[in-house]
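1. Okay, sequence plus prediction incoming.
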Amino acid sequence: MGAIWVRPPFQWGTLALVVILVVLLESQGPVAIHLGRSRINFSAKAYASIGAVYLLGPAAAVASTLASAVTSVWMRRGVSIKTLFNSAMSILVYAAAYGAFDLLRSAAHGDVLVLVLAGAAGGCIAWVVNHIILGAVIAAEQGLARFNVNAFAGNVFPLLPYYFGYGLTGIGVLAASYRLGGPAALVVLAAPVAIVQTATNRWIREQHARVAEAQSGFNATLISLSKAIDLRDKDTEGHCRRVVDYSLLMGRHLKFSDEELVRLSHGALLHDIGKIGVSDTILLKPGPLTDEEWAVMRTHPELGFMMVADVRQLERAREIILNHHERFDGKGYPRGLSGEAIPLGARVFTIADSFDAMVSDRPYRKGMSLAEARAEVRRCSGTQFDPICVAAFDKIPDEQLANIIKEREHPTEELLSLLD
């Protein structure tokens, strides 16, 4: 084992094998493993690449990255910014791993423990460099004010053991190369991981299909509930579905994640579910409500919150159901929250809800024009509405808003596509 104190001679045949292995393994696709709120794309390609880098040096980093990029472009039939970014980052990460490994190996003087630590250190340095770059990009895209360092760290730290394993695999390839030769060492160590990857990919796809089926059923149930809400009050028919559209448009302008958009759509769809608990004599009263009746009507956000309290998938959506009548200036209900104490999703939804009410006809008044409703939203910025959310609403083109206003009812299939 002490022989790996000196790196073996560079071999073009071994480098060619690295390219072939990376192409084959990249074409299989990674396995997406969820760890709490984080996700790691597990691929045998990474194990083969780090082993090649330790064995052949920086040339292997460039060769494996280019092979991976070309394969990705071929499979996706086009070049994307993401592919180019990932390729550039991979070269930096592999180079950093090799630099750390080579520095410690040169000081090992044949000490097996130090050599093993050198391999592990290379993997850990790869983890550090990878996530420093990724964190910087996310912070630049979201803005430092919105970048949640704690959430990012919570997603990153569970991945460290995998990078530690990459480093140890690299030292294993280097050690095996002295007994088997470089090509055989790469194949022997990459093959078991590739087999596991292929089998796991098949299992993951089956699980994803089951999850998708369950999610589709869950979404259909939410739509049925929203229809039940609409049926109780014909004056607001289709309202639940339209506010989903408005909310998603604003959420995208505010750079909500896919998960945040799903939670926003769920909350928007069920925001008035608490009205099921309000009597028809109050909910459908043709004239103005008395103070006592208003007091009952204003309990519907809390009633709705309690109705979905035990539904785990609606944990974040409950915030919108409970807070959709809060105002930015603190004069709303049920809790009189103000400013950023109101969850962002609820601040977004409040505009969607109010705008739809403004442009909709009622028995006692005609709806505003689109221009009038826009002006009213702007007028209420800083009082009823969050100025940041108003700015996002202002970015929505008139044509998109007009199409939603005219579409009084969504087909169920179209609405399901919004929630998926």
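-> Structure received. Just so it is clear, the model here is predicted, and its values are computed rather than measured.

2. Break the protein down into its structural domains.
-> When the chain is parsed with automatic domain parsing, its domains come out as 2-209, 233-419.

3. Same list, those, but as JSON lines with mean neighbour count please.
-> For every residue, glycine as well, the C-beta is placed using N, CA and C. Formatted as JSON lines, the domains of the chain follow (neighbours: other CB atoms under 10 Å):
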{"stretch": "domain 2-209", "mean neighbour count": "17"}
{"stretch": "domain 233-419", "mean neighbour count": "17"}
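
4. Need these in a markdown table (columns: distance to Gln215).
-> What follows is those, written out as a markdown table (distance: least, CB to CB, whole Å):
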| stretch | distance to Gln215 |
| --- | --- |
| domain 2-209 | 10 |
| domain 233-419 | 8 |
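
5. Relative to Asn219, which of the ones you listed is closest?
-> Put simply, out of the domains of the chain the one that sits nearest Asn219 is domain 233-419, at 4.3 Å, with distance taken as CB to CB.

6. starting at the chain centroid, how far to that closest one?
-> The chain centre lies 24 Å from the centre of domain 233-419; the measure is CA atoms, centre = their mean, to the nearest Å.

7. Quick one: mean pLDDT over it.
-> Here the mean pLDDT over domain 233-419 is 87, rounded to a whole number.

8. Over to stretch 147-158?
-> The predicted confidence, averaged over stretch 147-158, sits at 81.

9. Please save the CA atoms from it in PDB.
-> In PDB, the C-alpha atoms belonging to stretch 147-158 read as follows (Å, rounded to 0.1, in the frame of the first residue of the first chain):
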ATOM      1  CA  PHE A 147     -31.200  33.800   1.100                       C
ATOM      2  CA  ASN A 148     -31.800  31.600   4.200                       C
ATOM      3  CA  VAL A 149     -28.400  30.500   5.400                       C
ATOM      4  CA  ASN A 150     -29.800  28.100   8.000                       C
ATOM      5  CA  ALA A 151     -32.000  26.300   5.500                       C
ATOM      6  CA  PHE A 152     -29.200  26.000   3.000                       C
ATOM      7  CA  ALA A 153     -26.900  24.600   5.600                       C
ATOM      8  CA  GLY A 154     -29.600  22.100   6.700                       C
ATOM      9  CA  ASN A 155     -29.800  20.900   3.100                       C
ATOM     10  CA  VAL A 156     -26.000  20.700   2.700                       C
ATOM     11  CA  PHE A 157     -24.700  19.000   5.800                       C
ATOM     12  CA  PRO A 158     -26.600  15.700   5.200                       C
END
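
10. tell me how far it is from the chain's mean position?
-> Using CA atoms, centre = their mean, the mean C-alpha position of stretch 147-158 is found 13 Å from that of the whole chain.

11. For Ala100, list the residues it contacts.
-> Under the criterion of CB atoms under 8 Å, 6 or more residues apart in numbering, the contact list for Ala100 reads Ala118, Ala121, Gly122, Cys124, Ile125.

12. Nearest spatial neighbour of it, chain-adjacent residues omitted?
-> Nearest in space to Ala100, with sequence neighbours left out and distances taken as CB to CB, 6 or more residues apart in numbering, is Ile125 at 4.0 Å.

13. how near is the one you found to Asn403?
-> Counting by CB to CB, to the nearest Å, the gap between Ile125 and Asn403 amounts to 52 Å.

14. before we move on, what about His271?
-> Computed as CB to CB, the His271 to Asn403 distance reads 22 Å.

15. Kindly report the same for Ser90.
-> Here the criterion is CB to CB. By it, Ser90 lies 43 Å from Asn403.

16. cool, and Ala136?
-> Here Ala136 is placed at a distance of 39 Å from Asn403 (CB to CB).

17. Same question for Ala357.
-> Shown here: Ala357 relative to Asn403, a distance of 18 Å by CB to CB.

18. same question, His300
-> 29 Å.

19. Please enumerate the strands of the stretch 301-420 of the chain.
-> According to DSSP state E, counting those that start in this stretch, the stretch 301-420 of the chain carries no segments that qualify as strands.

20. Counting by contacts, list what the one helix or strand Thr281 maps to packs against.
-> Applying DSSP states H and E as the criterion places Thr281 in helix 280-283. The helices and strands touching helix 280-283, judged by 3 or more CB pairs under 8 Å, 6 or more residues apart in numbering; DSSP states H and E, are helix 291-297.

21. Pull the residues that contact the helix it packs on.
-> By CB under 8 Å, 6+ apart, the list of residues contacting helix 291-297 from outside reads Val278, Ser279, Ile282, Leu283, Lys285, Leu289.

22. Would you reformat the residues you listed as JSON lines and include distance to Pro161?
-> Rendered in JSON lines, the data for those read as follows (distance: CB to CB, whole Å):
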{"residue": "Val278", "distance to Pro161": "52"}
{"residue": "Ser279", "distance to Pro161": "57"}
{"residue": "Ile282", "distance to Pro161": "58"}
{"residue": "Leu283", "distance to Pro161": "55"}
{"residue": "Lys285", "distance to Pro161": "62"}
{"residue": "Leu289", "distance to Pro161": "60"}
